[in-house]
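*Asks:* pasting the sequence and the predicted model now:
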Amino acid sequence: MAYDHRVIEARWQGYWEQHETFRAVRHPGRPKLYVLDMFPYPSGHGLHVGHPEGYTATDIFTRKKRMQGYDVLHPMGWDAFGLPAEQHAINTGTHPRETTRKNIDHFRAQLKRLGFAYDWSREVNTTDTGYVRWTQWIFLQLFKRGLAFQGEVPVNWCPALGTVLANEEVIDGRSERGGHPVVRQPLRQWQLKITAYAERLAADLAGLDWPETKQKQVDWIGRSEGAEVTFRVADQEAELRVYTTRPDTLFGATYVVIAPDHPLTLELTTEAQRAEVTRYAEVAARKSDLERTALGKEKTGVFTGAYAINPVNDRRVPIYTADYVLGSYGTGAIMAVPAHDQRDFEFAQAFGLPIVQVVDTERSSAGQELTEALSEPGVAMGSGAFDGLSTEQAKKEITRWLVERGLGEAKVNYRLRDWVFSRQRYWGEPIPIYFPMETDGDPTQGAAYTIDYSRPIALGEEELPLTLPELEDYHPGDPQGPLAKALTWRFFQREGRWYARETNTMPQWAGSCWYYLRYLDPNNQEEIFSQEAYDAWMPVDLYMGGAEHAVLHLLYARFWHKVLFDCGVVKHPEPFQKLVHQGMILGQAYRYYVALEGGEGEETERPISGLSQELARDAESGELTFQGAPVEERWVSPAEVRAQGGKYLHPTLDVELMLVTEKMAKSRGNVVNPDEVVAEHGADALRAYEMFMGPLEQVKPWQTSGLLGVRRWLDRVHQLAQRGVSDEPADLETRRRVHRTIKKVGEDIDALRLNTAVSAMMTLTNHLTSLPQPPREAFEALVLILSPFAPHLAEELWEGLGHAPSVADAAWPSFDPALCEDDVVELAVQVLGKVRGRVQLAKDASESEATQAALADPAVVRSLAGRAPRQVIYRPGKIINLIV
RNA sequence: GCCGGAGUGGCGGAAUUGGCAGACGCAGCGGAUUCAAAAUCCGCCGAGGUAACCCCUCGUGUGAGUUCGAGUCUCACCUCCGGCACCA
């Protein structure tokens, strides 16, 4: 008998809202817990089934902790700046604020229908002026500390989006969002000096309870130790600094490569080579990352005509320019050691440059020509006084030798780049900076002007927030961004002089860098947050969110936090103690094929099994074919499939189907809409099912049939209550099961093993169902431990048991450890490691007792076949193994 | 290519320090209920052999190893997923 989730869920959501059940309040003497969900971007598509996964997990965790007496802060908000709303504004003229407000209302309603225990009074929205003010305030702190600066740097200009993208937002030469082509182009950009914090960002990871994300951040920061070495340029007054991690191979440097965009490249190029080098540099500058990687592995480059002097042996080595050397890393120039670096090796082969081995490694054999670089460590050779030293020693000794002669120094480099912080966009936080300018009239009326970008002036903190102007037209295109068109906003007079505001805005990452701090005190008008609020809740004890933010968001937020730490604004060096990533939820659909046969106009479709082995892929076009005929994929949703004897069949056609699990996509018909699930099966069923699917961190496929199974379980729990509880004391077996389940569910929630917690409760439910009437103590315990998972149903049942609401305020049940352990256990008896029998034994039975009991088992006797055990391995409570 | 993670029934998954592989759920099969169906309830449910019951053999991606005993530990390999990708 199914309960009516519509009535129950609406009723209790109303109750919680009315009673502010989940308002976060600190009580003296109680432990605090700050649990944070990554706040969503409120897109026009609404919630998808992936959102409730992480949110439910933290909801269960916090509800349980509340019941155990913790003061809990569990807030929610909106990362509401972003391109889609602006794109919508460009297309329709609707103000992004309008779109954003509508989307947020939709999201909030959806989240409330899921019954999450958020403190909604702390909701934050990154686009509120009251929030933007403090985002800008943090920017000013960065600016004052010299961590925000402008640079004319080659950036990733995306013509289609009319904006600049960070390196991280460019994937294979295309924009991460939209997949538009990206080209390199110099532009004035604000940047944040995250590299100044590289060392601390890497080092402080050590103390954090984070998953493999730590390693990703370490890799992203990419610390490397090496040396900078000075090469004199022959016949010129110039010097060239190179960076190397292998100073021990200096004797093997047979040429030098300088990046095409290095400031010295054209300067040291000889007249004869100038035209060719110039052309190469121009082509390289225009190349997008896509072209560079697609044209790929072939090394290109041009001889500059100049030579450098290798400082260790005074040899003249040619200087090339090549785009495999990046201007933005190290010194923008390298010494090439083809014998011991694969990239240099490939270049040397392509250009016929000498390859000189200077490290003897296990792979090298005398006189053999190298077929690839020997990059592993070994023993120095051909390196004069340094011969015989190990690679480690040689690095040290040669570096010391260089330092003593003023030819080089030890140097640490990072792969991490400074953060390009400007966006040429409307829907973002205005950067609170203005510039002096020259003008012969009123620039708001079209007078000519020149802006002096070299003298940025910070807005006063009391002038914040700097709000966005209203625009008629949101189209980008001007490299200065759409704000450049708002003349009366952009230009203003102060003490008779004209000034121009910065027209770039901040990237979407800005607001999400510090939102966890604003939740502490979201309505504070005077300060970013009060010290009391900070001390009450920080740091974040558990942070839950998608692994796609493992590097960028989490690195940027840690960076800002450390800056605020240095400013004395926050007291902890790290914001997020424990981090968990929920896994993605995939969709499932069943595939078959159709072969398109017959000519034009009279095509027929022949269905083919989704498991067919006879399909071939055309080598040229990549199209699927079946016996020469073109083939198309067709999809059937799980609800329509006929299952028969372990096979899946098409509902009408006689073909077998293949189950395919992949990312949800409209084209596959495998998208699950949470609103529909809630309406049809209830929020409690959705919540419990998403937890039951499997381990939280794992990628898992959505199976509607599995959801139905969970709903049936909730119905059985509800049915138990309908039967009426018995006030007779529970039998021992039932009490044991109850206490064990309380223990297991509690431990599982603490460890976020929510899938096994659900199955433990199912097992207990099955047992209680087998009794004529569920004993009150047993059923009440079940309702309590169920309440974090299925809070609406639990409230209803709790009230039905005669208790005053809310079950969320009830105490988490305790268990009796003695009842969780058996005194008599069933022990498996092995003979030669194979289970042959089972005996009932006291948990702490002695070895002789155990052996005796084992030898009394007829099946064991049979297996022994008259042989006497030579050795007995007995592990009390676990196993007894007889060796013959 | 490099770095991480994972491979267990028809499907999702369980097995907490090496100790009864497959908990729990889905699907499937059989039965009860029903005029019938849905819903619900009960039973069976890794493969093979034998078969009234019992019992035997094999079985956690592949191959080796350690151990009385391996899904779990070690080595090599294969496949899939995620991240990075000329960072000197």
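*Replies:* In hand now; what should we look at? None of the values given here were measured: they were computed from a predicted structure. Numbering: from 1, shown residues only, chains lettered A, B, ... in the order given.
*Asks:* break chain A into its domains for me.
*Replies:* Listed by automatic domain parsing, the domain ranges of chain A are A:32-129+A:509-580, A:223-414, A:585-662, A:679-819, A:822-883.
*Asks:* point me to the residue of chain A nearest RNA strand B.
*Replies:* For chain A, the residue closest to RNA strand B is A:Gly709, as judged by CB to the nearest atom of the strand, at 2.6 Å. To be clear about C-beta, it is placed using only N, CA and C from the backbone, and glycine gets the same treatment.
*Asks:* pLDDT score assigned to that residue?
*Replies:* At A:Gly709, the model reports a pLDDT of 95.
*Asks:* cool, and A:Gly622?
*Replies:* Looking at A:Gly622, its pLDDT stands at 64.
*Asks:* and if you look at the one 10 residues further on?
*Replies:* A:Glu632 is assigned a predicted lDDT (pLDDT) of 83.
*Asks:* ok so, going back, quick check: the residue of chain A closest to RNA strand B is in a helix.
*Replies:* Yes: according to DSSP: H, G, I helix; E, B strand; the rest coil, A:Gly709 belongs to a helix.
*Asks:* got a list of contacts for the helix or strand A:Leu714 falls within?
*Replies:* Element membership of A:Leu714 [criterion: DSSP states H and E] is helix A:704-723. For helix A:704-723, the external contacting residues (CB atoms under 8 Å, 6 or more residues apart in numbering) are A:1-3, A:638-639, A:672, A:677, A:681-682, A:684-686, A:688-689, A:692-693, A:758, A:762, A:765, A:768-769, A:773-774, A:779, A:782, A:786, A:790, A:793, A:797, A:800-801.
*Asks:* can we see that at 7 Å?
*Replies:* A:1-3, A:638-639, A:677, A:681-682, A:684-685, A:688-689, A:692-693, A:762, A:765, A:768-769, A:773-774, A:779, A:782, A:786, A:790, A:793, A:797, A:800 (CB atoms under 7 Å, 6 or more residues apart in numbering).
*Asks:* also stretch A:819-831?
*Replies:* A:735-736, A:739-740, A:743, A:835-843, A:854, A:857, A:860, A:863-864, A:877, A:879-882, A:884.
*Asks:* state the pLDDT value of the residue nearest to A:Pro31 when sequence neighbours are not counted.
*Replies:* Spatially, and ignoring its direct neighbours in sequence, A:Pro31 is nearest to A:Tyr70 (5.3 Å; CB to CB, 6 or more residues apart in numbering). Confidence at A:Tyr70, expressed as pLDDT, is 97.
*Asks:* next one: A:Lys297
*Replies:* What the model reports as pLDDT for A:Lys297 is 65.
*Asks:* again, but for A:Val164
*Replies:* pLDDT, A:Val164: 69.
*Asks:* so who does the closest residue in space to A:Ile60 that isn't next to it in sequence touch?
*Replies:* Excluding the flanking residues, the one nearest A:Ile60 by CB to CB, 6+ apart is A:Pro788, at 4.1 Å. Shown in contact with A:Pro788 (CB under 7 Å, 6+ apart): A:60, A:63-64, A:749.
*Asks:* for stretch A:472-482, give the mean pLDDT please.
*Replies:* The model assigns stretch A:472-482 a mean pLDDT of 79.
*Asks:* before we move on, the earlier item: RNA strand B next: which of the contacts of helix A:704-723 are close?
*Replies:* Applying CB under 7 Å from any atom of the strand to those, one finds that A:1-2, A:692-693, A:762, A:769 fall near RNA strand B.
*Asks:* farthest pair in those residues?
*Replies:* The largest separation in those, counting by CB to CB, is between A:Met1 and A:Met693 at 25.6 Å.
*Asks:* looking at the two, which is more packed in?
*Replies:* A:Met693 (22 against 7; other CB atoms under 10 Å).
*Asks:* next one: phi and psi at the more buried one?
*Replies:* phi -50, psi -40 (degrees, to the nearest 10).
*Asks:* bridged to the closest residue in space to it that isn't next to it in sequence, which residues?
*Replies:* If the residues on either side of it in the chain are set aside, A:Met693 comes closest to A:Lys700, at 4.6 Å by CB to CB, 6+ apart. Note on A:Lys700: beta-bridge partners by DSSP bridges are A:Ile585.
*Asks:* what does A:Asn125 give?
*Replies:* Applying DSSP bridges to A:Asn125, the residues it is bridged with are A:Trp78.
*Asks:* next: A:Val412.
*Replies:* Beta-bridge pairing for A:Val412 (DSSP bridges): A:Glu225.
*Asks:* from A:Tyr3, how far off is it?
*Replies:* From A:Val412 across to A:Tyr3, the span is 64 Å (CB to CB, to the nearest Å).
*Asks:* likewise for A:Lys562?
*Replies:* 51 Å.
*Asks:* likewise A:Ala10?
*Replies:* In terms of CB to CB, A:Ala10 sits 13 Å off from A:Tyr3.
*Asks:* between these two, which is the more surrounded one?
*Replies:* When A:Ala10 and A:Tyr3 are compared for neighbours, A:Tyr3 comes out ahead with 21 against 13, by other CB under 10 Å.
*Asks:* residues in contact with that one?
*Replies:* Per CB under 7 Å, 6+ apart, neighbours of A:Tyr3: A:715, A:718.
*Asks:* tell me which element A:Thr661 is part of?
*Replies:* strand A:658-662.
*Asks:* pLDDT on that strand, on average?
*Replies:* For strand A:658-662, mean pLDDT rounds to 83.
*Asks:* and stretch A:347-362, by the same measure?
*Replies:* 91.
*Asks:* try stretch A:506-519
*Replies:* Averaged over stretch A:506-519, pLDDT sits at 96.
*Asks:* distance from the chain centre to that stretch, please.
*Replies:* 16 Å (CA atoms, centre = their mean, to the nearest Å).
*Asks:* tell me if it is near RNA strand B.
*Replies:* No: for stretch A:506-519, no contact with RNA strand B is found by CB under 7 Å from any atom of the strand; the gap never falls below 14.5 Å.
*Asks:* residues contacting that stretch, please?
*Replies:* A:36, A:39, A:73, A:75, A:77, A:79, A:81-82, A:122, A:124, A:126, A:131, A:134-135, A:138, A:421, A:423, A:428-429, A:431, A:528-529, A:540, A:552-553, A:556-557, A:560, A:575.
*Asks:* and stretch A:758-769, by the same measure?
*Replies:* A:688, A:691-692, A:713, A:716-717, A:720, A:734, A:737-738, A:741, A:744-745, A:774, A:778-779, A:782, A:785-786, A:789.
*Asks:* ok now it, how far from the chain's centre?
*Replies:* Centroid separation for stretch A:758-769 versus its chain: 35 Å, with CA atoms, centre = their mean.
*Asks:* can you mark which positions in it are buried?
*Replies:* Neighbour-count burial for stretch A:758-769 flags A:758, A:760-762, A:764-765, A:767-768 (criterion: 16 or more other CB atoms under 10 Å).
*Asks:* narrow these to those in helices?
*Replies:* The helices, defined by DSSP state H, take in A:758, A:760-762, A:764-765, A:767-768 from these.
*Asks:* all helices for the stretch 401-550 of chain A, in order.
*Replies:* Assigned helices in the stretch 401-550 of chain A, in chain order: A:487-490, A:509-512, A:515-518, A:531-537 (criterion: DSSP state H, counting those that start in this stretch).
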